[in-house]
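Colleague: Here's my sequence, what's the structure:
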Amino acid sequence: MMQNAMDGTRLEEPSRTCWRELARSLGRDRRGQDLAEYGMLAALIAVVAIVAVSALGSALAALWSTITSAFAALP
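Modeller: The predicted structure is shown next:
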């Protein structure tokens with residue numbers, strides 16, 4: 001038995017049958033599947049964007065360094 005925190009009454013613990021029914025219903029329920037797929041797709045896009053920006057950032061830093069050194073060499 002569990003005690004209800006609000007009013008002190010005793011609550012029955014959920015039976016194993018209840019947990020099995022919950023697991024079965026969650027296994028059949030597909031409503032959240034699209035949301036999870038969109039979330040994974042957004043995470044993949046974010047990872048690709050971070051990798052691209054970091055690679056592009058390194059290349060741009062090298063290019064900027066070349067340009068600044070070329071201007072510094074001008075009389």
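
Colleague: At the geometric centre of this structure, which residue do we find?
Modeller: Using CA atoms, centre = their mean, the residue of the chain that lies closest to the mean C-alpha position is residue 43, 5.6 Å off.

Colleague: Pull the contacting residues for that residue.
Modeller: Listed by CB atoms under 8 Å, 6 or more residues apart in numbering, the contact set of residue 43 is empty. Bear in mind the C-beta positions are built from the backbone N, C-alpha and C, glycine included.

Colleague: so how far is residue 50 from it?
Modeller: Applying CB to CB, to the nearest Å, the value for residue 43 to residue 50 is 11 Å.

Colleague: Ok, residue 62 next?
Modeller: In terms of CB to CB, residue 62 sits 19 Å off from residue 50.

Colleague: Go ahead and measure how far the host helix or strand of residue 52 is from the middle of the chain.
Modeller: Under DSSP states H and E, the secondary-structure element containing residue 52 is helix 33-72. Average the C-alpha atoms of helix 33-72, do the same for its chain, and the two points are 18 Å apart (CA atoms, centre = their mean, to the nearest Å).
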